[in-house]
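*Asks:* kindly generate the corresponding structure for this input.
(2 chains)
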Amino acid sequence: MELLLAGVGSYPRIGDDPSLQNLRRVTDQWEKGQRTREEVRRATEEATRLAIQEQIEAGLDLVTDGLIAWHDPVSHVAGKLEGIAINGLLRYFDTNFYFRQPEVKEPVRWKEPLLKDEFLFASQISEKPVKPVLTGPYTLARLTILSCDHYKNLKSLVLDYAQALKKELEILALAGASSVQIDEPAILRHSEDWEMFREAFDVLSKDTRLSLILHVYFGDPAPLYESFQELPVEVLSFDFSYSATLKDKIASLGSEKPLGLGLIDGRNTRMETETEVLGALHKLVPKIRAPFSYLCPSCGLEFLPRDRARGKLAAMALFRKSLGNGGTP
Amino acid sequence: MSRAKLSQSGIELPLFPTTSVGSFPKPDYLTKGRARFKRGEISLERLRELEEEATTFWIRTQEELGMDVLVDGEMYRGDMVAFFAERWQGFEMGGLVRSYGNRYYHKPIITGELHWTGPTTVNWWKFAQNQTQRPVKGMLTGPYTLMDWSFNEFYGSRKDACMALARELRKEVEALAHAGARIIQIDEPAISARPEELTFAIEAMHHVTDGIEAYFITHICYGAFEYIYPELLKLPVDNFDLEMSNSKLDFLDHVKAYPFIKDLSFGVLDVHSHRIETVEEVRERLQKALAFLHKENVWVDPDCGLKTRTVDEAIQKLRVLVAAAKEMRGREGAFASRCG
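*Replies:* Predicted coordinates:
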């Protein structure tokens, strides 16, 4: 089995060196009316270029655009859909990062591409395949304020979000994407909603030629592990930092699907040791009955300072090298 | 009950006391001064003069606006966690991480055993209090938030780190109380981050406040209150200062289901909006609060610190807040009972 290295979403938009702070500077000046939107776009593209370059330099096989253009994982996706207004700030799960909360006013519908331009730009400048990232329908619905009579329950909103995102998947496929990562952190806190979650993934996966990667984080995936294996997605990608039992569960049950092994903690600066990571890989990799899997961070890296984010990606490459045989133990 | 506690310490407040959460925008001369200090172009003494000038400006401004309980405006702070981390042993300063949108902060790293190194906020509190007859709040960041908003590379668990911070923070609270602070605010905006940790967050607050003579306030904002209410009320403080307007007063739904039994500083201004609220809007928000809260328990303040607004915006917003509180006093009775 081949062990590939992947990013899983966001990448720091800023660094401590002033040369890495241009996007902040230009955006700040734009907010004061001193810069144009076009100048912000160019600064965003430059920061994206740098984020991709650093991922490639670290040795990643599959990169993201770092979600550099995103205000947050929720409003950037939901805010472009019909029927949604964007509201006040709310904490994003258990982080010290805040998102603008969507409020549903009318039926939710896709009306314009959400990520197409960002994906085309990133693909054009990246030597490595670029994986677009979408926040999934269940998480979007869970974090949305319901303010219209059209939706009688959460499930109907989840399924409408799924239909809207399904349209976006078609757009991304036409734009040349081969895989898309769907982020669903909220399901780890609401396993009681599994049935509507599964139905949403039936919608997303129907007739798609994309390889769908489900990434779940900020919670323990172990209690739902068997259910995840039944989902119509190609890859399951997990945050290992919240679970005391996930490694044992995978070692015991194995995996029919390729896995994203989020063994690198994207929420703490402490660097993982080779002993820790190789120990986990030796335990997990032989149990994966698939031609490839990914070693990756537990979540997007923008929760870390840039130097630590780079350091952790570089360490991933060293861990794979130490594992030997091109990642095949 | 809490009014009695305040009264015993010589503080008499009108109905709907007005206050601020903590931070105010830094005047241009201070922002520039801080940048020049970073570049080594001015001395620490000169920076300190500018910070004092700005603190004095905000004390005068709050008095002129008619605020009842003042804050020093945190002119000397960059960030509410980094300020303590830069001064206590056991922390190193980490790089920039994003807070939201285009806002970033230096997130500290706990790399060793934590130690309080001596009074951290006391001199600033004294400086501010010496300039006014009105009470000035002592302002601290709580142990759970200091832990949650730092990286932990030293302690074996989040609880261990939190308890170590509580142990050291108590020394600062004792120093503030000893200096004469009668109202002390301990900010815990992170407390709803992991509801399963609320029990040890409450235990930590007991370590910080138990047995100390002061009226304690805790400020909490932008969290999922529904997961921690009413358990939240077990925090050993007298007053909860909560963001309300940003979340469209949703919290009142929870109060409807389980009565709020302490004083509540009711956030009536959205600090992330440039728009200046009208007096009528603020008054309406307060009237909604009174459907579920006793008027003697309600304080009036913005949702959060105003540091992200311009100086003019902050003053205009506070002017509206005071006007609305005064109108409400006119409607609800001149002054609160002094026997609590």
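*Asks:* contact partners for the closest residue in space to residue A:50 that isn't next to it in sequence?
*Replies:* Leaving out its chain neighbours, the residue that sits closest to residue A:50 by C-beta to C-beta, 6 or more residues apart in numbering or on different chains is residue A:20, at 7.4 Å. (Each C-beta comes from the backbone N, C-alpha and C, glycine too.) By C-beta atoms under 8 Å, 6 or more residues apart in numbering or on different chains, residue A:20 lies in contact with A:14, A:50, A:306.
*Asks:* quick check on the first one: phi, psi?
*Replies:* Note on residue A:14: its backbone torsions stand at phi -140, psi 160 [degrees, to the nearest 10].
*Asks:* got it, and the second one?
*Replies:* Main-chain dihedrals, residue A:50, degrees, to the nearest 10: phi -70, psi -40.
*Asks:* ok, residue B:115 next?
*Replies:* According to degrees, to the nearest 10, residue B:115 has phi -140, psi 130.
*Asks:* count of residues packed around residue 218?
*Replies:* Here I'm looking at chain A. If you count neighbours by other C-beta atoms under 10 Å in any protein chain shown, residue A:218 ends up with 20.
*Asks:* that was the other one, I meant chain B.
*Replies:* 27.
*Asks:* quick one: pLDDT of the residue nearest to residue A:50?
*Replies:* What the model reports as pLDDT for residue A:20 is 96.
*Asks:* what's the local residue count around the closest residue to residue A:14 other than its chain neighbours?
*Replies:* Spatial nearest neighbour of residue A:14, chain neighbours left out: residue B:96 (5.0 Å); criterion: C-beta to C-beta, 6+ apart. Counted with other C-beta under 10 Å, residues neighbouring residue B:96 total 19.
*Asks:* what's the answer for residue A:195, then?
*Replies:* 10.
*Asks:* again with residue B:303
*Replies:* Counted with other C-beta under 10 Å, residues neighbouring residue B:303 total 26.
*Asks:* same question for residue A:262.
*Replies:* Residue A:262 has 26 neighbours, counted by other C-beta under 10 Å.
*Asks:* not counting its neighbours along the chain, what's nearest it?
*Replies:* residue A:298 (3.8 Å).
*Asks:* and for the one you found, the neighbour number?
*Replies:* Under the neighbour criterion other C-beta under 10 Å, residue A:298 is assigned a count of 26.
*Asks:* that one contacts residue A:266, correct?
*Replies:* Yes. Contact criterion C-beta atoms under 8 Å: residue A:298 and residue A:266 qualify, at 4.8 Å.
*Asks:* common neighbours of those two, please.
*Replies:* Shared contacts of residue A:298 and residue A:266, counting by C-beta under 8 Å, 6+ apart, come down to A:8, A:217, A:239, A:241.
*Asks:* most neighbours out of the contacts of residue A:20, which is it?
*Replies:* In terms of neighbours by other C-beta under 10 Å, the contacts of residue A:20 top out with residue A:306 at 23 neighbours.
*Asks:* got the contact list for that residue?
*Replies:* A:12, A:14, A:15, A:16, A:20, B:95, B:96.
*Asks:* pLDDT value on the second one, please?
*Replies:* Going back to what we said before, that points to residue A:14. Reported pLDDT for residue A:14: 97.
*Asks:* tell me the contacts of the residue nearest to residue A:262?
*Replies:* Taking C-beta under 8 Å, 6+ apart as the test, what residue A:298 contacts is A:8, A:217, A:239, A:240, A:241, A:262, A:263, A:264, A:265, A:266, A:267.
*Asks:* repeat that for 10 Å
*Replies:* By C-beta atoms under 10 Å, 6 or more residues apart in numbering or on different chains, the contact set of residue A:298 is A:8, A:215, A:217-218, A:237-242, A:260-268, A:312.
*Asks:* so whichever residue of the stretch 201-340 of chain B sits closest to chain A, which state does it fall into?
*Replies:* Nearest to chain A in the stretch 201-340 of chain B, going by C-beta to the nearest C-beta, is residue B:246, at a distance of 3.7 Å. Look at residue B:246: counting by DSSP: H, G, I helix; E, B strand; the rest coil, its state is coil.
*Asks:* for it, which non-adjacent residue is spatially closest?
*Replies:* Residue B:246 sits nearest to residue A:88 (C-beta to C-beta, 6+ apart), 3.7 Å away.
*Asks:* the closest residue in space to residue A:143 that isn't next to it in sequence and chain B, how far apart?
*Replies:* Nearest residue to residue A:143, sequence neighbours excluded (C-beta to C-beta, 6+ apart): residue A:74, at 5.3 Å. Noted for residue A:74: a distance of 11 Å to chain B, by C-beta to the nearest C-beta, to the nearest Å.
*Asks:* look up phi and psi at residue A:74.
*Replies:* Here residue A:74 shows phi and psi, under degrees, to the nearest 10, equal to phi -110, psi -60.
*Asks:* quick one: contacts for it?
*Replies:* Contacts of residue A:74 by C-beta under 10 Å, 6+ apart are A:86, A:90, A:92, A:99-102, A:135, A:139-140, A:142-144.
*Asks:* how does it look with 7 Å?
*Replies:* Residues in contact with residue A:74 (C-beta atoms under 7 Å, 6 or more residues apart in numbering or on different chains) are A:99, A:102, A:135, A:140, A:143.
*Asks:* quick one: end-to-end length of stretch A:185-195, please.
*Replies:* From its first residue to its last, stretch A:185-195 covers 16 Å (C-alpha to C-alpha, to the nearest Å).
*Asks:* is it up against chain B anywhere?
*Replies:* No. Stretch A:185-195 does not reach chain B (C-beta under 7 Å from any C-beta of the partner chain); its nearest approach is 9.5 Å.
*Asks:* averaged pLDDT, that stretch. What do you get?
*Replies:* Averaging pLDDT along stretch A:185-195 gives 97.
*Asks:* show me which residues of chain B sit near chain A.
*Replies:* B:94-102, B:104, B:107, B:109, B:148-149, B:151-153, B:190, B:193-194, B:222-224, B:246-247, B:270, B:272.
*Asks:* which of these fall within strands?
*Replies:* Among the residues of chain B next to chain A, the residues falling in strands (DSSP state E) are B:94, B:95, B:96, B:97, B:98, B:99, B:100, B:104, B:107, B:109, B:151, B:152.
*Asks:* tell me, how many residues neighbour the fifth one?
*Replies:* Neighbourhood size, residue B:98 [other C-beta under 10 Å]: 22.
*Asks:* that'll do, ta.
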